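In: what's the 3D shape of this:
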Amino acid sequence: MQKVVALRMTQFGQAGHAGDYSPIAIADIAKGYKDGTLSTQPLVAAK
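Out: So this is what the prediction gives:
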């Protein structure tokens with residue numbers, strides 16, 4: 001399964017982007033959901 005996931009991430013252009021994001025503490029994520037600064041809804045790009 002690991003090989004399949006790695007292949008799919010490469011095929012869809014997701015591989016190699018871990019450094020593009022900085023880590024966020026789980027407590028900060030929970031606070032963001034609670035106060036509304038983070039959303040559970042995915043962002044959809046305008047067409």
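
In: any idea how far residue 29 is from residue 16?
Out: From residue 29 across to residue 16, the span is 24 Å (Cβ to Cβ, to the nearest Å). In this view, the C-beta of every residue, glycine as well, is placed from N, C-alpha and C.

In: Same check on residue 25?
Out: 24 Å.

In: what do you get for residue 1?
Out: Taken as Cβ to Cβ, the span from residue 1 to residue 16 is 20 Å.

In: higher neighbour count, those two?
Out: A side-by-side neighbour count of residue 1 and residue 16, using other Cβ atoms under 10 Å, places residue 16 first with 9 against 5.

In: Find the centremost residue of the protein, please.
Out: residue 21 (8.6 Å; Cα atoms, centre = their mean).

In: Can you check the pLDDT for that one?
Out: pLDDT for residue 21: 88.

In: how near is it to residue 14?
Out: 12 Å.

In: for residue 22, same thing?
Out: Noted for residue 22: a distance of 17 Å to residue 14, by Cβ to Cβ.

In: ok, the two, which is more surrounded?
Out: The neighbour comparison of residue 22 against residue 14 (other Cβ under 10 Å) goes to residue 14, with 12 against 5.

In: Dihedrals phi and psi, that one?
Out: Main-chain dihedrals, residue 14, degrees, to the nearest 10: phi -90, psi -20.

In: Kindly provide the distance from it to residue 37.
Out: With Cβ to Cβ as the criterion, residue 14 and residue 37 are 25 Å apart.

In: How about residue 5?
Out: 30 Å.

In: Also residue 8?
Out: 31 Å.

In: Low-confidence ranges, this structure, go.
Out: 46-47 (pLDDT under 70).

In: could you redo the last one with a cut-off of 50?
Out: Applying pLDDT under 50 to the chain flags no residue at all.

In: which residues of it fall in helices?
Out: With DSSP state H as the criterion, the chain has helices at 2-11, 26-35.

In: contacting residues around the last one?
Out: The set of residues that contact helix 26-35 without belonging to it, under Cβ atoms under 8 Å, 6 or more residues apart in numbering, is 38-40.

In: May I have it as PDB, with CA atoms only?
Out: This file holds the C-alpha atoms of helix 26-35, laid out as PDB (Å, rounded to 0.1, in the frame of the first residue of the first chain):
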ATOM      1  CA  ILE A  26      -2.700  20.500  17.600                       C
ATOM      2  CA  ALA A  27      -3.800  22.900  20.300                       C
ATOM      3  CA  ASP A  28      -3.500  25.800  17.800                       C
ATOM      4  CA  ILE A  29      -5.600  23.900  15.300                       C
ATOM      5  CA  ALA A  30      -8.300  23.100  17.800                       C
ATOM      6  CA  LYS A  31      -8.400  26.800  18.800                       C
ATOM      7  CA  GLY A  32      -8.600  27.800  15.100                       C
ATOM      8  CA  TYR A  33     -11.600  25.500  14.600                       C
ATOM      9  CA  LYS A  34     -13.300  26.800  17.700                       C
ATOM     10  CA  ASP A  35     -12.800  30.500  16.900                       C
END
